[in-house]
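Q: model this:
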Amino acid sequence: MLTIDRYNARLGAGPGLLDETRLLLELWHERMSVAELIDAARNSGSFASISARRLRNIISERFSTRHLTADGAPATLLKHVLAEDMPIVFWHLCFVFTCRAHRILADFVTQVYWPPYAAGKDMISNEESLEFVRRINNDGLTTIDWSESIQRRVASYSRNLKVAALERRLQKDGRFDEFKKRIQKDLDLDWSEVQNDPLALDSVIPELAHDFYPALFKSPGAFSTSTSEFITFENERVKEMIEIARQHSGKQYIIFVVDEMGQYVAPSDSLILNVDGLAKNLKALGEGKVWMIATAQQMLTEDDPRAAANSKSLFKLKDRFPIQIDLESSDIREICSQRLLGKSAAGTTVLKKLFEQHGQKLRNCTKLQDAKYYDSDFTDSVFADLYPFLPAHFTVE
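A: Residues are numbered from 1 along each chain as shown. Take a look at the predicted model:
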């Protein structure tokens, strides 16, 4: 008989728990049992505002299932990340481990979030998230028939990590409806309209957090909605770049120039992936009106000997630049003289006359030891073309 792996609503009881996870990781050590961790957490004083039952559930049903699998390998990795002070990496890993422990989140990411994100879509609405929850509920994939309130609770949290944690606390304490009414009264807007707006969050949430939890947030400024804790997708960042450039220039067509690309990305596979994502999003969001030009000392895939380990990724990145122009060293002099140092006909005449008068003296004063062909190459035409530079500035043999 076929057994269906059904979803449950356990994720809704502790979807993020980032602060709690940090505190528990400080207490946890290898070979510590779940029961020992519960005792250590109770005695630490760090969870005084949480009931004993709630703390036990967090550790035994959330923390252990996400981070203590595989003999605690996830928790060991997270402790290392915290010690290295990498908060964004910490959040990303917590997200991955939560997906592994909760199938509903993993399926939401693969079925609802990833396809539009890969296609360059700006965002996913709460309604799209809710539709996913409704669908799995109607298809009988939940352990019980979820009520409308459970469906909405699972589907809609702010992308600001700290605000999302505040939402969950308000829900847990039964004060979320009161909070949303306060938002409606103060801003004349529904909470769903402002929960992902950094400016709105920064202006109202700190004061509200203090009003609702004065013992936890001692002053109106104690709660921080720092944007460093805001989940920003790369396509949203690129869209903002394009909008800013168009707003300030008044032009629809934009060219981004990235200098010394090879030296920047060669040592790091993550940087290669970053540039790859940037190029893909510029193409998708720019719709042919936004281009990126990258320069490198040599060809991208042979720019830096340190890039050897990343050669496969570099070749993929190279494919993001379909129009490639390779300049030989011999081309530099011609490009500079014709494009950068071009003179008018009158200017060329004046310079040639100066060379006729002082050319021999200039040759003697600037002659380089053991430099080939310098004398024969330094003519009045060369002087006029390269002025104010000398031939040696371009080629020293």
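
Q: secondary structure class for the closest residue to residue 292 other than its chain neighbours?
A: When the adjacent residues along the chain are set aside, residue 292 lies closest to residue 256, with 4.7 Å between them (CB to CB, 6 or more residues apart in numbering). In short, each C-beta sits where N, CA and C put it, glycine included. State at residue 256, reduced to three classes by DSSP: H, G, I helix; E, B strand; the rest coil: strand.

Q: Could you check the pLDDT of residue 256?
A: The pLDDT attached to residue 256 in the predicted structure is 91.

Q: Tell me the buried residues in the helix ranked longest in the chain?
A: The helix that spans the most residues within the chain, counting by DSSP state H, is helix 345-366. Judged by neighbour count using 16 or more other CB atoms under 10 Å, the buried positions of helix 345-366 are 348, 351, 352, 355.

Q: Which other helices and strands does that helix contact?
A: Helices and strands touching helix 345-366, by 3 or more CB pairs under 8 Å, 6 or more residues apart in numbering; DSSP states H and E, are helix 380-386.

Q: Show me what the mean pLDDT comes to for the helix it packs on.
A: Model confidence over helix 380-386 averages 83 on the pLDDT scale.

Q: residues contacting the spatially most central residue of the chain?
A: Centroid-nearest residue in the chain, with CA atoms, centre = their mean: residue 234, separated by 5.4 Å. The neighbourhood of residue 234, defined by CB atoms under 8 Å, 6 or more residues apart in numbering, consists of 277, 278, 281.

Q: Now, those residues that are in strands?
A: In this view, the contacts of residue 234 have no member that belongs to strands under DSSP state E.

Q: Return the member of those residues nearest to residue 327.
A: For those, the closest approach to residue 327 (CB to CB) belongs to residue 278, at 23.7 Å.

Q: Look up how far residue 49 lies from that closest one.
A: As defined by CB to CB, to the nearest Å, residue 278 lies at a distance of 43 Å from residue 49.

Q: Of these two, which one has the most company?
A: Set side by side, residue 278 and residue 49 show unequal neighbour counts under other CB atoms under 10 Å, the larger going to residue 278 at 18 against 10.

Q: Nearest spatial neighbour of that one, chain-adjacent residues omitted?
A: Sequence neighbours aside, residue 238 is the residue nearest to residue 278 in space, at 6.5 Å (criterion: CB to CB, 6+ apart).

Q: Check residue 108 too.
A: Going by CB to CB, 6+ apart, residue 108 has residue 132 as its nearest residue, at 5.7 Å.

Q: I'd assumed that neighbour was in a helix, is it?
A: Yes. Assessed with three-state DSSP, residue 132 lies in a helix.

Q: what number of residues lie near it?
A: A count of nearby residues for residue 132, using other CB under 10 Å, gives 20.

Q: Show me where the stretch 101-250 of the chain has its helices.
A: With DSSP state H, counting those that start in this stretch as the criterion, the stretch 101-250 of the chain has helices at 103-108, 114-118, 126-138, 148-155, 161-172, 176-187, 191-194, 198-212, 234-249.
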